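1. Pasting the sequence and the predicted model now:
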Amino acid sequence: MTAGPAPTVFVVDDYAPVRRSISRLLQAAGFFVAAFASAEEFLARYEPAIRGCLVLDVAMPTVNGLELQEILAKAGSLLPIIFLTGEGDIPECVQAMKHGASDFLTKPVNDEDLLAAVRVAIQKDGALRRQQTELSGIRERLATLTPREREVLDYVVAGKLNKQIAGDLGTVEQTVKVHRARVMQKMGVQSVAELVRLTERCGTNGSVH
């Protein structure tokens, strides 16, 4: 399985007629489809770099849909999941949605409902991947800072003035100004407000030690 330019809709359902029906529907709508009869078969061939979403049956032998969701989550996968159930089990639905499911549809699935859910899930996948790329870029820039520059970053984000930072670090204000300028340059920002936004986005809140 190789990553292509078009997103892939992964279909995992142990019941062949349903698997074929859903695959045909999605292919007719212009989606690239990869279908699997079990969670194990899917995991053996799935590559996280491939864009798309997962249409997943809840009730399957060995590894069920909710268990596969948990496995993917622990692996750090962001792949949006659309769950299918033949029983409309409310507790399962609640559990799946709490753990980030994109949607939950009851079999027999309405064609338009499924296509709409897939389109939303693929858009969500694209947004998540763009966000991850941006966060990686921020973290790479943070990694270029020296230990002292990281200290200065913490103080700047906390709203400290150069004079206060110099006092806390036991140095002179001019040295702090130099470190501060280097931090701004390396992080690619023009203002403290931008710097604060960057650190908040990657969850550091300025604390990057």
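-> In hand now; what should we look at?
2. now the strands: where do they sit in the chain?
-> Applying DSSP state E to the chain gives strands spanning 8-12, 32-36, 52-57, 81-85, 103-106.
3. Can you show me the helices along this protein?
-> Shown for the chain, the helices assigned by DSSP state H span residues 16-28, 39-45, 65-74, 90-98, 111-143, 147-157, 162-169, 173-187, 192-201.
4. For the residue of the chain positioned farthest from its centre, grab phi and psi.
-> In the chain, the residue that sits farthest from the middle, by C-alpha atoms, centre = their mean, is V172; the gap is 42.8 Å. Note on V172: its backbone torsions stand at phi -100, psi 160 [degrees, to the nearest 10].
5. I'd like to know how far it sits from L43.
-> Distance, V172 to L43, by C-beta to C-beta, to the nearest Å: 58 Å. From N, CA and C alone the C-beta is placed, and that goes for glycine too.
6. Next, the angle from the lowest-mean-pLDDT helix or strand in the chain to strand 81-85.
-> Here the helix or strand of the chain ranked lowest by mean pLDDT, DSSP states H and E is helix 90-98, holding a mean of 72. Calculated by axes from the mean of the first three to the mean of the last three C-alpha atoms, to 10 degrees, helix 90-98 forms an angle of 170 degrees with strand 81-85.
7. Isn't the residue farthest from the centre of the chain up against N162?
-> No: using C-beta atoms under 8 Å as the test, V172 is too far from N162 to be in contact (9.8 Å).
8. picking up where we left off before, burial-wise, tell me which of the helices of the chain comes out on top.
-> Each of these was scored by mean neighbour count; the highest is helix 147-157, a mean of 19, by mean count of other C-beta atoms under 10 Å.
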